[in-house]
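Q: can't give you the sequence, but here's the structure:
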DNA sequence: CTCCCAACCGAACGATCGTTAGGATGGTCA
DNA sequence: TGACCATCCTAACGATCGTTCGGTTGGGAG
């Protein structure tokens, strides 16, 4: 692991634990055993460090969606999307935590870039629900906005309770089953 | 509105917008048109100000659950719980935002108190799902932990998208319907 | 051997932080 | 009238912040 990678990892860890404003450059330097002035050989500044972290996060989540085969049924793609999302959260918990929580501390310009990636991600999920409805896999009166919001709520809240080592695929499938089949007693006879 | 209330309101607004560490006592003083030293006639310190805000939040959410009639069916109580939660979020958005996001910046002792209130809230929701399953309103194989987690994900994530003036009752009912009936095409004959 | 350059250092910069001290003001109530 | 008390003030405190500066070090390339 290069110094730069160690720096990025430690920054994500501290940002996740203490928040952006609660993390000082000095504390970050201490964490990797270096004087704080030395960090500026690797980074442009504290803001840029946050921005780079956010970019990593955006890439991780979009990458998970990219890995889903296009030819599958929409509902199956949704199940895999949930699996992929939770896998990113569990596998890169600190990165995911920063991505979800700290974007608001970006300066206006980089914030707009990151928010655009977030919106694109949400739209990709919404498109899957639309596809599922149009192909008859999901109920015809389904509002894809509400459905996507529920899906994304579960996904985006995961960083608060998911822990490394959990069986994320099983958890994702359990969530998926609740979403599509519901909780009502008579909704599934078996 | 007394000075103290104005202070509490403005503190919640700033904590929600800039975060606890991103909000300075000076900025808070500016917001209410006073020198920062003057604030110490009303508060014990910045930490205590955050703590008081969190207490308000906890009270608001528990109060919403308290208002639900005990004798209703569990599923109906769940529907009203979601309504109540979203109503608090929409009606006191800044308070809800701080409650959900800033608890980690509390000192260990007050944090434990607030976290206990959070856990109690989650347990109250979980109990409703358990009751619904045991009374046969919800499927017998329902895992109340997973169900409550999904419910609370939707509830706790609402502060990111809910805005004042929205028809929160309708939104809550839409969420509730998705949760209990599911999204699958054949799950409700129509 | 020399040059270069990434990496790191100690020291200092101006700014801002939360908080305290000590005093002024003005209304309330005995 | 006079004591009090909540409210606000100016000024200052020590601490910490992100960042810059100039200089040192050490290994790889010519």
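A: Yep, it's here. Computed from a predicted structure; not experimentally measured. Numbers count the residues shown, from 1 in each chain, chains lettered A, B, ... in the order given.
Q: and the helix or strand that contains residue A:89, what's buried?
A: Taking DSSP states H and E as the definition, one finds residue A:89 inside helix A:74-91. Within helix A:74-91, the residues scored as buried using 16 or more other CB atoms under 10 Å in any protein chain shown are A:74-90. Backbone N, C-alpha and C define where each C-beta goes, glycine included.
Q: longest helix anywhere in chain A?
A: Longest helix in chain A by number of residues (criterion: DSSP state H): helix A:108-134.
Q: next secondary structure after that helix?
A: Defined by DSSP H and E, the subsequent element after helix A:108-134 is helix A:144-157.
Q: could you check the angle that following helix makes with helix B:144-157?
A: Interaxial angle, helix A:144-157 versus helix B:144-157 (axes from the mean of the first three to the mean of the last three CA atoms, to 10 degrees): 100 degrees.
Q: so is helix A:144-157 next to chain B?
A: Yes - Helix A:144-157 is in contact with chain B by CB under 8 Å from any CB of the partner chain, via A:146, A:147, A:149, A:150, A:152, A:153, A:154, A:156, A:157.
Q: any idea how far residue A:10 is from the residue in chain A positioned nearest to DNA strand C?
A: With CB to the nearest atom of the strand, the shortest gap between chain A and DNA strand C falls at residue A:37, namely 2.9 Å. Computed with CB to CB, to the nearest Å, the distance linking residue A:37 and residue A:10 is 17 Å.
Q: quick check: next helix or strand after whichever helix or strand residue A:30 is part of?
A: Under the criterion of DSSP H and E, residue A:30 resides in helix A:25-31. Using DSSP H and E, the next helix or strand after helix A:25-31 towards the C-terminus is helix A:46-66.
Q: is that following helix anywhere near DNA strand D?
A: Yes - with CB under 7 Å from any atom of the strand as the criterion, DNA strand D is reached by helix A:46-66 at A:46, A:47.
Q: in that helix, what counts as buried?
A: A:46, A:49-54, A:56-58, A:60-61, A:64-65.
Q: make sure residue A:92 is actually in contact with residue A:60.
A: Yes - using CB atoms under 8 Å, residue A:92 is in contact with residue A:60, at 5.9 Å.
Q: which residues does the closest residue to residue A:46 other than its chain neighbours contact?
A: The shortest distance from residue A:46 to any residue other than its chain neighbours is 5.8 Å, reached at residue A:25 (CB to CB, 6 or more residues apart in numbering or on different chains). Contact partners of residue A:25, counting by CB atoms under 8 Å, 6 or more residues apart in numbering or on different chains, are A:36, A:39, A:46.
Q: tell me who's in contact with the residue of chain A found nearest chain B.
A: The nearest approach of chain A to chain B comes at residue A:182, 3.0 Å away (CB to the nearest CB). Residues in contact with residue A:182 (CB under 8 Å, 6+ apart) are B:178, B:179, B:180, B:181, B:182, B:183, B:184, B:187.
Q: redo those as a markdown table? Include secondary structure, distance to residue A:21 and pLDDT.
A: A markdown table is the format used below for those (DSSP: H, G, I helix; E, B strand; the rest coil; distance: CB to CB, whole Å; pLDDT from 0 to 100):
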| residue | secondary structure | distance to residue A:21 | pLDDT |
| --- | --- | --- | --- |
| B:178 | helix | 37 | 97 |
| B:179 | helix | 36 | 97 |
| B:180 | helix | 41 | 96 |
| B:181 | helix | 43 | 94 |
| B:182 | coil | 42 | 90 |
| B:183 | coil | 40 | 89 |
| B:184 | strand | 45 | 88 |
| B:187 | coil | 46 | 44 |
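Q: what sits closest to residue A:63 if chain neighbours are left out?
A: Nearest to residue A:63 is residue A:88, by CB to CB, 6+ apart, at 8.0 Å.
Q: repeat for residue A:140
A: Going by CB to CB, 6+ apart, residue A:140 has residue A:133 as its nearest residue, at 6.4 Å.
Q: now swap in residue A:98 and tell me
A: residue A:15 (4.6 Å).
Q: and DNA strand D, is the helix or strand harbouring that neighbour touching that?
A: Here residue A:15 sits within helix A:3-18, counting by DSSP H and E. No - using CB under 7 Å from any atom of the strand, helix A:3-18 never reaches DNA strand D; the gap is at least 9.6 Å.
Q: ok, residues contacting that helix?
A: Against helix A:3-18 from outside (CB under 8 Å, 6+ apart): A:1, A:23, A:27-28, A:31-32, A:39, A:42-43, A:49-50, A:52-53, A:56, A:93-95, A:97-98, A:101-102.
Q: which bits of chain A sit near DNA strand C?
A: Residues of chain A lying near DNA strand C (CB under 7 Å from any atom of the strand): A:2, A:3, A:4, A:29, A:33, A:34, A:35, A:36, A:37, A:38, A:41, A:42.
Q: and these, which is closest to DNA strand D?
A: residue A:37 (3.1 Å).
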